[in-house]
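Student: Starting from these lines, generate the structure:
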Amino acid sequence: MTHDFTEIGYLLFLAIGAGLWLFGRWRPGLIAPLENVMQRAMRKRTARLGLLTLWWWLGWHFLADGVTWGQM
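Tutor: Residues are numbered from 1 along each chain as shown. Now for the predicted structure:
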């Protein structure tokens, strides 16, 4: 039961993100497009390290789940 809620939550989060991305491309005056946000964020070293850490964490928890290193 809680697994279903978790999956629904992730799908809802992805749908909201996709909706914001589309709205930003449709109305760039109201919400900055993702490209502009990423360009501005990448100007600072701290933000680059934070994004690198985020991608590492996501990959470790979602892509490497269940992999045993001795049996690859």
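
Student: dump the residue contacts of Phe62.
Tutor: For Phe62, the contact set (CB atoms under 8 Å, 6 or more residues apart in numbering) is empty. (Each C-beta comes from the backbone N, C-alpha and C, glycine too.)

Student: Pro33 too?
Tutor: 21, 24-25.

Student: Mind doing that once more with 10 Å?
Tutor: For Pro33, the contacting residues are 21, 23-27, 39, by CB atoms under 10 Å, 6 or more residues apart in numbering.

Student: Can I get the buried part of the residues you listed as one ChimeraX selection?
Tutor: Selection command for ChimeraX covering only the buried members of these, criterion 16 or more other CB atoms under 10 Å:
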select :24
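
Student: care to break this structure down by domain?
Tutor: If you go by automatic domain parsing, the domain ranges for the chain are 1-31, 33-62.

Student: I'd like the contacts of Pro33 as JSON lines, with distance to Trp55 appended.
Tutor: Below are these laid out as JSON lines (distance: CB to CB, whole Å):
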{"residue": "Trp21", "distance to Trp55": "18"}
{"residue": "Phe23", "distance to Trp55": "24"}
{"residue": "Gly24", "distance to Trp55": "21"}
{"residue": "Arg25", "distance to Trp55": "23"}
{"residue": "Trp26", "distance to Trp55": "27"}
{"residue": "Arg27", "distance to Trp55": "28"}
{"residue": "Gln39", "distance to Trp55": "17"}
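
Student: Return the member of the contacts of Pro33 nearest to Ala15.
Tutor: Closest approach between those and Ala15, by CB to CB: Trp21, at 10.7 Å.

Student: Thr6: which element?
Tutor: Here Thr6, judged by DSSP states H and E, is contained in helix 2-26.
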